[in-house]
Each structure stands twice: as structure tokens, then as C-alpha cells.
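K.L.:
This is a predicted model, with the sequence first.
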Amino acid sequence: MTQSIRLRLVFYIGSLMLLVWGGITAGSIHSARKEVQELFDAQLAQSARVLHALILHEMAEAGVEGENNSAIVMGVSAPGHFYESKISFMVRGNDGKAWFMSQQAPDIDITTDTTGFIDVTADDGKWRVFVMRDKIVDFTIEVAQDYHIRQQLITEITRHVYWPFIIVLPLLMLMIWIGAGRSLRPLQAIADEVRHRNPQNLEEIDVAKVPAEVLPLFVSLNTLLSRLKKALSNERGFTSDAAHELRTPLAGIKAQAQVALRASDEKEKDAAIRHIIIGIDNTAHLVRQMLMLARLDPDIPKRRFEQQDLTRILTEVAADVASLAMEKNVDLEVRQVTGDIQIEGQAEALSVLVRNLLDNAVRYTPAGGWVKAGITRVPEGVVLKIMDSGPGIAEEDKDRVFDRFYRGLGTGQTGSGLGLSIVQRVVDLHDAKIEFQTGKGKGKGVTVVVTFPAK
């Protein structure tokens, strides 16, 4: 199922905002509730003290000592404010009888030792009461407030806090949706441009307008396009070179087949057939080398490397090449080392590298010459060194020895011209280095040094 970045942005940002705003709102309401309680409690206490002072003043002027037989009910025709009807007071004497009381005072029973703030439940609801006692004149002032006032105020605060959030959240989600869409427009433009590209167009994508968050993706994509472009170019060049190189041996085989058909005696016919066989062998060798080179193409991912005994590989390959050295009367010497020398790599690829280097050394060394090979361990890693007493490499050929299908002139040797190209590919595959050293003058030979990095 395709996932939408826009939907995910809206979902995650909306959820985060809902959690944060909800937490802030809950904290604000909790704080508001606490402040409302403290504020109204302070007003009750202040009202009680003001009432106490007024009563003392009136009692002093009128000489009243609290001997009223009935309570004086303080009432007005209409409350000045809605909340006024929710606040009441009562003044009691030492015998518990009411002296003064507001019209809406609740009928509550308070013990004689009660002082301060208390919560009382009356017939008409729950009240918050502040009790203040005058021990000199011996009377009690009770100021009460209906809890409905406090709850209503807290509800109003909650409503004023939540309503903006309920209204603003959808607008914010819409803005995030539109903003995400506009931010992703460059991606859509690039997708359209790539979709309408010619399959042969592997040029890099212009990342000037790509958002920074997805820039690494497009950088990697450009790297991939560059590799594909290089691989396609190499494939075209390889195909062209392979077709050119195969044309010559096939033409030779055809010519020899025609000679065999026109041969007038068995001797001439046998010679032509032998040339055909040689041509087929050379062509088969060329095809094998090309297949090997294709398998070691630089754009094919590396296989899993394992620990390989390079000494064993050199010994086994030298044993196979020994027959060719004996045919050419070339002394092939492998210098043995004590213990195994391990490197990380592919056994098949390493065998191909050693075989091609030894085969080249034996083929280009004249009869009576020598080829020496050995492995040593150095601080930089492991070094494979192959030396021969052949004619060396001409200066004009040094820069082209690794080119595909290239063979130096005047060597008198047949081959595909792919051996050193394969060697170079194996060297690159193993992050190694190869160096050709040749002496000055004729017959100084060639020394090939391959250094495998220490792991």
C-alpha cells in the first residue's frame, strides 16, 4: 500500500498538536480551578471581616448586645448581579440564634467550635462556608457561597480555552495539508521529468530545487544514474570491441574451411582442418575471457568475500601453468613461504588473476628464460610479485596494457588481449594495487607487483 507523506505529516503533526495543546489546556484548567477556589475563598474571608467590622460598629452605636428575639432578614427587591443570589451571610449569637441573615442564606447547622473554611451540603446544594467567631462579644459570622458559582466559572474558562482549539485545529490541519503539498511539488516535477525521459537519457537529475530532507535520496539516485551510464557505455564499447575481435578468428576459420573443401590432397586438407581447430580453440579462449570479464564488471555488486590462502592459490595455478613452461623451456619457480598468508577475497577471481599473470609471463619469456613468483607480507598488506626475463614492455605500451583487446606489436604471441583487463578488474574488486616495473634496455624483463591491503 502506497503511503502518503502529506497524510503522515498531517497525522503526526495533528496528533502532536492535539497532545501538546490538550496537555497545556488540562494544566491551565487545573491551575484556573485552583486559582478560582483561592480567589473565592479570599473573598469569603474578606467579606466576613468587613461584615464583622460593620456589626461591631453598629452595635457600639446602638448599644445592641445581641439580645434580639428574632433574626433580621436582609433582603432586596432584586439582586444586583446573578451571582449575588449565590452568596449569603448569617450572624449568630452565643446561643446559636441568628441575629442577621441574608434572604438566601442556607439552613445549615454548624457546631460551636467550627472556624475557618468548611464545605456544607444543604437542601439546595453544596455551599462553601467561612466561619469567623468573635470571642469578645461572643457571636459568629458565617459567609457562604454556592459551589455552583465556582463550577460555572470554571466551566466558562474551560469553554473559552477549548473552543479556539476546536476551531483552529481543522484550519491548522488544512494549512499543513496545503503546505506539504506545495513543499512536495518539486518532487512531483522531478518525477514527471524522469517519467518522460528517453530511456537512453541517463543524465543526472537537477537537485537545485529538491527539499533538503530528500536530497540524500536524489544524490544516491544521481550516483546510480552515473554508474548506469558508465555501465551502458562500457557495455556498448565491450560489445563493439568483442564483435570486432570475433570477426577476425571467425573469418580465419571460414577461410580454412573453404581451403579444406577445395583441397586436392589429404595433406593439404589435414593442415586446413588443424588450422580450423586452432582457430576454434583461440575463439573459445576469447569467449571465455570475455565471459570472465563480464562477470567481474565493476558495476556488479561484490560477492561475499571470505578468507583465502593466497599461497595455496599461487601453488595450484603454478602447477597448471608448469606444462606450458616446460613446452617453452622456461624455468618456472615459485618461492615458498612459511605458513599460510590469508587475504579476504574471491577464490575464483584470485585464481584468474594469478593465472593470467603467470600465463603472460611464461608466454612472453623466450626459451631458456625464467619466471619467478612469490608472496610476502609487508606493513601495507600482502604482496604478490611475479618476475620474468622476457623482453619487457615498450614505453609506448605501458599506458595501454590494461586496455581491452590490446596486444603489443612485435611480440609474436597470440591471445585475446583481455588478460590484463581481467587482472585490473580483479585488482579493483579487491581494493588492491598493481604496478608494472621493467628494466631499461632489451631483455630486462618485467616485474608485476600486486599489493592487497591489510584487513
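P.N.:
Happy to help now that I have it. Given the structure is predicted, the values throughout are model-derived calculations rather than measurements.

K.L.:
all contacts plus neighbour counts: C-alpha atoms, from now on.
P.N.:
Noted.

K.L.:
where in the stretch 201-350 of the chain is pLDDT low?
P.N.:
Along the stretch 201-350 of the chain, the model assigns pLDDT under 70 to residues 234, 237-249, 282, 285-286, 288-304, 338-339.

K.L.:
where do the strands sit along it?
P.N.:
306-309, 331-335, 342-345 (DSSP state E, counting those that start in this stretch).

K.L.:
Can you lay out the ones you listed as a markdown table showing distance to Arg128 and mean neighbour count?
P.N.:
Formatted as a markdown table, the strands of the stretch 201-350 of the chain follow (distance: least, Cα to Cα, whole Å; neighbours: other Cα atoms under 10 Å):
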| stretch | distance to Arg128 | mean neighbour count |
| --- | --- | --- |
| strand 306-309 | 84 | 14 |
| strand 331-335 | 106 | 17 |
| strand 342-345 | 85 | 19 |
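
K.L.:
Give me the pLDDT value at Val73.
P.N.:
On pLDDT, Val73 comes in at 55.

K.L.:
Actually, Arg185.
P.N.:
For Arg185, pLDDT reads 78.

K.L.:
you'd agree Val120 is up against Ile108?
P.N.:
Yes: in this structure, Val120 is within contact of Ile108 by Cα atoms under 8 Å, at 7.3 Å.

K.L.:
sorry, back to before: mind giving me a markdown table with the strands of the stretch 201-350 of the chain and columns for distance to Leu324?
P.N.:
Converted to a markdown table, the strands of the stretch 201-350 of the chain look like this (distance: least, Cα to Cα, whole Å):
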| stretch | distance to Leu324 |
| --- | --- |
| strand 306-309 | 24 |
| strand 331-335 | 10 |
| strand 342-345 | 27 |
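
K.L.:
circling back: more crowded one of Val120 and Ile108?
P.N.:
Val120 (18 against 13; other Cα atoms under 10 Å).

K.L.:
Please name the bridge partners of that one.
P.N.:
Trp127 (DSSP bridges).

K.L.:
for the protein, which helix is longest?
P.N.:
helix 5-62 (DSSP state H).

K.L.:
Mind giving me the packing neighbours of that helix?
P.N.:
Identification of packing neighbours for helix 5-62 by 3 or more Cα pairs under 8 Å, 6 or more residues apart in numbering; DSSP states H and E yields strand 125-134, strand 139-146, helix 147-183.

K.L.:
relative to strand 125-134, how tilted is it?
P.N.:
Angle of helix 5-62 versus strand 125-134, following axes from the mean of the first three to the mean of the last three Cα atoms, to 10 degrees, is 40 degrees.

K.L.:
Compute the inter-axis angle for helix 5-62 and strand 139-146.
P.N.:
Using the same axes, to 10 degrees: helix 5-62 against strand 139-146 is 150 degrees.

K.L.:
Nearest approach to Ser421 belongs to which of the strands of the stretch 201-350 of the chain?
P.N.:
With Cα to Cα as the measure, strand 342-345 is the member of those nearest Ser421 (18.3 Å).

K.L.:
which outside residues touch the closest one?
P.N.:
305-310, 382, 430, 452, 454-455 (Cα atoms under 8 Å, 6 or more residues apart in numbering).

K.L.:
A strand includes Phe452, no?
P.N.:
Yes: counting by DSSP: H, G, I helix; E, B strand; the rest coil, Phe452 is part of a strand.

K.L.:
For it, which non-adjacent residue is spatially closest?
P.N.:
Ala432 (4.6 Å; Cα to Cα, 6 or more residues apart in numbering).

K.L.:
Distance-wise, check that neighbour relative to Leu314.
P.N.:
Taking Cα to Cα, to the nearest Å as the measure, Ala432 and Leu314 are separated by 17 Å.

K.L.:
Show me how far the longest helix of the chain is from its chain's centre.
P.N.:
On the basis of Cα atoms, centre = their mean, to the nearest Å, helix 5-62 sits 47 Å off its chain's mean C-alpha point.

K.L.:
Could you check the angle that helix makes with helix 147-183?
P.N.:
160 degrees.

K.L.:
of Ala432 and Leu314, who's got more company?
P.N.:
Neighbour totals were compared for Ala432 and Leu314, and Leu314 leads with 23 against 17 (other Cα under 10 Å).
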